[in-house]
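S.K.: Based on what follows, work out the 3D shape:
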Amino acid sequence: MPPKKNEGSKKKPAVSEGDHEEITVAEILSKTIVGVILLALLYQFYVYIQVSIVAVPALPKFDLNVWWGPNNTKVQDSSIRPYRIVLSDSMQENLRRKFEAYRRATRIKSLNETSEYGINSEVLGQIFAHWQFKYNYREQSKYLNKYSHFKTNVQGLDIHFMRVTPQPTTENVKVLPLLLLHGWPSSVRDFYDIIPLLTTPRSGHDFVFEVIAPSLPGFTYSQGAVRPGLTTYQMAIIIRNLMEKIGVKQFFIHGEDIGSTIGSHIATIFPKQVLGFHTNTPVNLSKLAQLTLFFGAIFPTYTAGDLADKIYPLNDKFNYFLEEFGYLHLQSTKPDTLGIALQDSPLGLGAYIIEKYLLFTNPNNKINQDGGLSTFDKSALIDNVLMYWSTGSITTSLRLYKESINNYDTEESLARIPTQVPTWGLRTKYDVIQQPDFILRWKYPNLIGITNLDVGGHYATFEKPNEVADDIFKAVKHFLTKTK
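M.R.: A predicted model of the protein is given here:
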């Protein structure tokens, strides 16, 4: 018998030279396609980085006469009318009834002696007791009207402002116009203690200030818009038009919180009219600034220098923002729903507003038994709350956050456009956002100086008026020297 063939020894058919070439070409084609796709993606990413993050965009063209008021005829009242703050008897009676109902209600006690779950019930009890039994409406009304108040119509909205001129000075002392811009949940009440410091001549300075302090549109005594779109850069246009209307063509600016953003927009859109910009919220809001701080966590000391412990580690910062900035998300998404609740309860409104002052003055106040309340004048805090309550304006003030989110692309583009206006920053010890000088200079290349205070928090103009006034005088003195 012939031997059996070993099945395992069968040879595989040889691969022809043509087949080999076909497989090689297929592999090459597939790798080429993948490479092209990757290159295209990298190019798209590069273009995105250049166009959306790094490149300086052109200044958008804005309509400087957008009509925000209810009257569509667009016939603007040219008058500038004296105004008086009124804490009416009917409002006081309404508050008394609501306070009496609250006093009889069963109150929910806080779980501990801190404010880690929100404002502590004992802290709120102190505010309530002062408001109900010690707050003097008659005296506070006189105090709130100690400065000259006015209203005038700008782009369809009645805008409230204070204008305070200094006492007659010698010929050698110049009077310089200074625009003060408040934030949220602030009001012009934040400026009452600093105004006399700014309008009083001081030794070593050949100038003094005339102060113009408007209520932002939709805040307290200024009318809110009746249509969407009134974001910070639109407010900047309104405030600039207000200054034009009252005859102030050039001026200095001091802003904090949202007022700093609005002041920065005025300096960016109308640089020839701004003689100098001072802020105790020095911040660059561009994407590039945020990405730089994010990747700077790899070398925190190199990136932030002396500010490293205030910016890093990022994990601590993220946890802080997650815990304390829930209000930003709520106000940026459902401001009207929140506004209904706050406008229905004076004490609820007071708790919501005053909590921000206590927390952002010093984050350690959250674990203090009195929440930091003892460091404030309770009547001054209640003054600010009443400005919102008496005008029913909390909802229109909250809407600014949603408008800013809805118009983020334009807001961020403005943050990337450098302004040559002379600028000075004041950093306080406990402010929420801290950025190194080199990042600030991307937005403010003419950053003349930075002052670092070892005290104070986010609402420094209200909390530390002497220190802020000193810094404004110092900054403007440098501005004037540079322009000579």
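S.K.: Excluding sequence neighbours, find me the nearest residue to residue 130.
M.R.: Sequence neighbours aside, residue 378 is the residue nearest to residue 130 in space, at 4.4 Å (criterion: C-beta to C-beta, 6 or more residues apart in numbering). No exception for glycine: its C-beta is placed from N, CA and C like everyone else's.
S.K.: does the one you found really touch residue 129, like I thought?
M.R.: No. The criterion here is C-beta atoms under 8 Å, and residue 378 misses it with residue 129 at 9.3 Å.
S.K.: hang on, the earlier thing: contacts only, for the residue nearest to residue 130.
M.R.: 126-127, 130-131, 134-135 (C-beta atoms under 8 Å, 6 or more residues apart in numbering).
S.K.: swap in residue 62?
M.R.: 233, 237, 269.
S.K.: and of those residues, the nearest to residue 313?
M.R.: Residue 313 has its nearest neighbour among those in residue 233, at 33.7 Å by C-beta to C-beta.
S.K.: any idea how far that closest one lies from residue 286?
M.R.: Going from residue 233 to residue 286 by C-beta to C-beta, to the nearest Å gives 14 Å.
S.K.: swap in residue 167?
M.R.: Taken as C-beta to C-beta, the span from residue 167 to residue 286 is 43 Å.
S.K.: out of those two, which sits in the more crowded spot?
M.R.: residue 286 (22 against 8; other C-beta atoms under 10 Å).
S.K.: Next one: that one from residue 418, what distance?
M.R.: Taking C-beta to C-beta as the measure, residue 286 falls 10 Å from residue 418.
S.K.: overlap in contacts of those two?
M.R.: 442-443.
S.K.: Strands of the stretch 151-300 of the chain, start to end?
M.R.: In order along the chain, the stretch 151-300 of the chain carries the following strands (DSSP state E, counting those that start in this stretch): 157-164, 174-181, 207-214, 251-255, 274-279.
S.K.: same for the last one, what does it pack against?
M.R.: In terms of contact count using 3 or more C-beta pairs under 8 Å, 6 or more residues apart in numbering; DSSP states H and E, strand 274-279 is assigned the packing partners strand 251-255, helix 258-269, strand 423-427, helix 465-483.
S.K.: Would you format the ones you listed as TSV with mean pLDDT included?
M.R.: Output for the helices and strands packed on strand 274-279, formatted as TSV (pLDDT from 0 to 100):
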stretch	mean pLDDT
strand 251-255	99
helix 258-269	98
strand 423-427	98
helix 465-483	95
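S.K.: would you turn those into TSV with mean neighbour count?
M.R.: TSV is the format used below for the helices and strands packed on strand 274-279 (neighbours: other C-beta atoms under 10 Å):
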stretch	mean neighbour count
strand 251-255	25
helix 258-269	26
strand 423-427	25
helix 465-483	18
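S.K.: how about the ones you listed, which one is nearest residue 141?
M.R.: Using C-beta to C-beta as the measure, helix 465-483 is the one of these that comes nearest residue 141, at 21.7 Å.
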